[in-house]
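J.: Please find the sequence and the predicted model below.
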Amino acid sequence: MDFFRHAFSVNRLNQWVKENKDLNAYLPYLSMYLGHEHLAETDYYLHLVPEFFPTLISASEERFAHLIPEVNQ
């Protein structure tokens, strides 16, 4: 049963990120839904899973590409 709870939580968080939702605003809802007393218990589900890696790379490139410019030789 823990596998399904974990999979649901991670997938929901990753979906919110893909939808550009504010996790600080949405995390308390997931926490209440899961019956957690503290947000720290829900933070456990905030980790990178292989399926999410392409989304993370794309979002990072869009937001931070200007920080380290390309070097032309």
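T.: Sure, I can see it. Remember, it's a predicted structure, so these values are computed and weren't measured experimentally.

J.: right, and the helix or strand after whichever helix in the chain runs longest?
T.: What stands out as the longest helix in the chain, according to DSSP state H, is helix 2-18. Per DSSP states H and E, helix 2-18 leads on to helix 23-34 as the next helix or strand towards the C-terminus.

J.: Following the chain past that next one, name the next helix or strand.
T.: Using DSSP H and E, the next helix or strand after helix 23-34 towards the C-terminus is helix 39-43.

J.: what's stretch 39-56 in contact with?
T.: The contact list for stretch 39-56 (Cβ atoms under 8 Å, 6 or more residues apart in numbering) reads 6, 9-10, 13-14, 17-18, 23, 27-28, 30-31, 34, 36. Any C-beta I mention is one placed from the backbone N, CA and C, and that applies to glycine too.

J.: rerun at 10 Å
T.: Residues outside stretch 39-56 that contact it (Cβ atoms under 10 Å, 6 or more residues apart in numbering): 5-15, 17-18, 23-24, 27-36.

J.: residue ranges with poor pLDDT in this structure?
T.: For the chain, applying pLDDT under 70 flags the ranges 1, 48.

J.: that older thread, I'd like to know which of the contacts of stretch 39-56 are buried.
T.: For those, a neighbour count by 16 or more other Cβ atoms under 10 Å gives the buried set as 9-10, 12-14, 17, 27, 30-31, 36.

J.: Tell me the one among those nearest to Ser60.
T.: Ser60 lies nearest to Val17 out of the buried ones among the contacts of stretch 39-56, by Cβ to Cβ, at 11.6 Å.

J.: which residues sit in contact with that closest one?
T.: By Cβ under 10 Å, 6+ apart, the residues touching Val17 are 23, 26, 46, 52, 55-56, 59.

J.: can you do 8 Å?
T.: Taking Cβ under 8 Å, 6+ apart, we find Val17 in contact with 23, 52, 55, 59.

J.: Quickly note the distance from the first one to Phe3.
T.: Going back to what we said before, that points to Leu23. As judged by Cβ to Cβ, to the nearest Å, Leu23 and Phe3 stand 23 Å apart.

J.: Which of the contacts of Val17 fall in strands?
T.: Using DSSP state E, no member of the contacts of Val17 falls in strands.

J.: top of these by neighbour count?
T.: Counting neighbours by other Cβ atoms under 10 Å, Phe52 leads those with 17 neighbours.
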